[in-house]
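**Student:** Sequence unavailable; structure follows:
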């Protein structure tokens with residue numbers, strides 16, 4: 001979230017809860033289970049936790065990460081309208097499989113990720129050096 005425009009997010013939250021006829025912060029507190037103080041901070045443009053954002057998104061009938069989209073200058077996505085993710089590429093599937101193997105071997109997670117990332121970068125670099133006829137030009 002590069003922009004992190006919390007004031008803008010607060011305005012969206014107030015507008016949306018009013019659209020849903022949740023006209024008071026007390027009613028919003030009841031609907032979310034989040035304290036009045038935290039909701040007030042959110043609505044007045046102060047940062048709150050990611051867990052709070054996820055709960056607010058659910059109650060406001062937004063897709064997950066809509067708050068992040070707003071913070072970055074975008075708009076919320078109504079619940080149920082987000083497109084499913086694109087299928088993984090063969091390289092992504094291979095990287096995930098390697099990561100699973102390393103984790104199963106009890107390699108520390110950060111080390112496993114570093115190893116897979118390094119291998120993926122090497123594979124990408126090899127593919128860049130391969131011309132269209134399949135010959136290595138590097």
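**Tutor:** Here it is on my side, so go on. Since this is a predicted model, take the numbers as computed values, not measurements. Residues are numbered from 1 along each chain as shown.

**Student:** Can you tell me how far the residue nearest to residue 107 when sequence neighbours are not counted is from residue 103?
**Tutor:** Once flanking residues are discounted, residue 107 sits nearest to residue 115: 7.5 Å by C-beta to C-beta, 6 or more residues apart in numbering. Every C-beta, even on glycine, is put in place using the N, C-alpha and C of the backbone. As defined by C-beta to C-beta, to the nearest Å, residue 115 lies at a distance of 11 Å from residue 103.

**Student:** do the same with residue 110
**Tutor:** Taking C-beta to C-beta, one finds residue 110 at 11 Å from residue 103.

**Student:** Going by neighbour count, list what's buried in stretch 93-105.
**Tutor:** By neighbour count on 16 or more other C-beta atoms under 10 Å, the buried set for stretch 93-105 is 95, 99, 102.

**Student:** Among those, name the ones in helices.
**Tutor:** Under the assignment DSSP state H, the buried residues of stretch 93-105 contribute 95, 99, 102 to helices.

**Student:** Just send the residues you listed back as CSV, with pLDDT and distance to residue 43 too.
**Tutor:** Compiled in CSV, those are given as follows (pLDDT from 0 to 100; distance: C-beta to C-beta, whole Å):
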residue, pLDDT, distance to residue 43
95, 80, 41
99, 79, 40
102, 82, 44
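
**Student:** closest to residue 27 among the residues you listed?
**Tutor:** residue 99 (44.5 Å; C-beta to C-beta).

**Student:** got a list of what the residue nearest to the closest one when sequence neighbours are not counted touches?
**Tutor:** Among residues not flanking residue 99 along the chain, residue 116 sits closest, at 4.9 Å (C-beta to C-beta, 6+ apart). By C-beta atoms under 8 Å, 6 or more residues apart in numbering, the contact list for residue 116 reads 95, 98-99, 102.
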